[in-house]
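Quick one, what's the 3D model for this:
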Amino acid sequence: MNDNEERPVTIITGRVWKRKDGEPEGVHIFLVAADDDSAVRRALEALAAEGYAEAELDQIGDMQGEPDEEPHLSAYQGALEGEVSIVTFEEPF
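Next comes the predicted model:
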């Protein structure tokens, strides 16, 4: 991939905690980064900036097109605009 090509939107999935002893939330993080290491670093920085005390990141991959539904569609669009977009949800037990 050369510098003139658009980089794909990366999605990182996992769990986050606002407090170390709190309940986990599921998380999907959308961003554009040069490589996986940069993506993970930017994701962790964004989570810390949003007040998350702990994170377990499970999977990372490139999106194969934009999502069909909100809030993921807005997060995807935000990533295309240079943002690190965080979508949290109640994790099923």
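
contacts, neighbours, all on C-alpha from now
Noted.

What residues of the longest helix along the chain count as buried?
Longest helix in the chain, counting residues (DSSP state H): helix 36-49. Residues 39-40, 42-44, 46-47 are the ones in helix 36-49 that count as buried (16 or more other C-alpha atoms under 10 Å).

same check, this time on stretch 6-23
Those would be 7-18, for stretch 6-23 by 16+ other C-alpha under 10 Å.

could you check the distance from the residue nearest the centre of the chain over to Y76?
The centre of the chain sits closest to I29, judged by C-alpha atoms, centre = their mean, with a distance of 1.1 Å. I29 is 9 Å from Y76, where distance means C-alpha to C-alpha, to the nearest Å.

pretty sure G61 is touching P8, no?
No. At 9.5 Å, G61 does not count as touching P8 under the criterion of C-alpha atoms under 8 Å.

Check which helices and strands the one helix or strand the residue nearest to the centre of the chain maps to is in contact with.
Assigned by DSSP states H and E, I29 falls within strand 25-31. Here strand 25-31 touches strand 10-17, helix 36-49, helix 72-80, strand 85-90, going by 3 or more C-alpha pairs under 8 Å, 6 or more residues apart in numbering; DSSP states H and E.

would CSV of the ones you listed with mean pLDDT and distance to E66 be doable?
Compiled in CSV, the helices and strands packed on strand 25-31 are given as follows (pLDDT from 0 to 100; distance: least, C-alpha to C-alpha, whole Å):
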stretch, mean pLDDT, distance to E66
strand 10-17, 98, 11
helix 36-49, 98, 18
helix 72-80, 97, 7
strand 85-90, 97, 14
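
could I get those as a markdown table with distance to E23?
Formatted as a markdown table, the helices and strands packed on strand 25-31 follow (distance: least, C-alpha to C-alpha, whole Å):
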| stretch | distance to E23 |
| --- | --- |
| strand 10-17 | 6 |
| helix 36-49 | 16 |
| helix 72-80 | 22 |
| strand 85-90 | 9 |
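
Among those, which comes closest to A55?
strand 10-17 (4.3 Å; C-alpha to C-alpha).

For A48, give its distance to E70.
Distance of A48 to E70, computed by C-alpha to C-alpha: 24 Å.

no, scratch that, I was asking about W17
Taking C-alpha to C-alpha as the measure, W17 falls 23 Å from E70.
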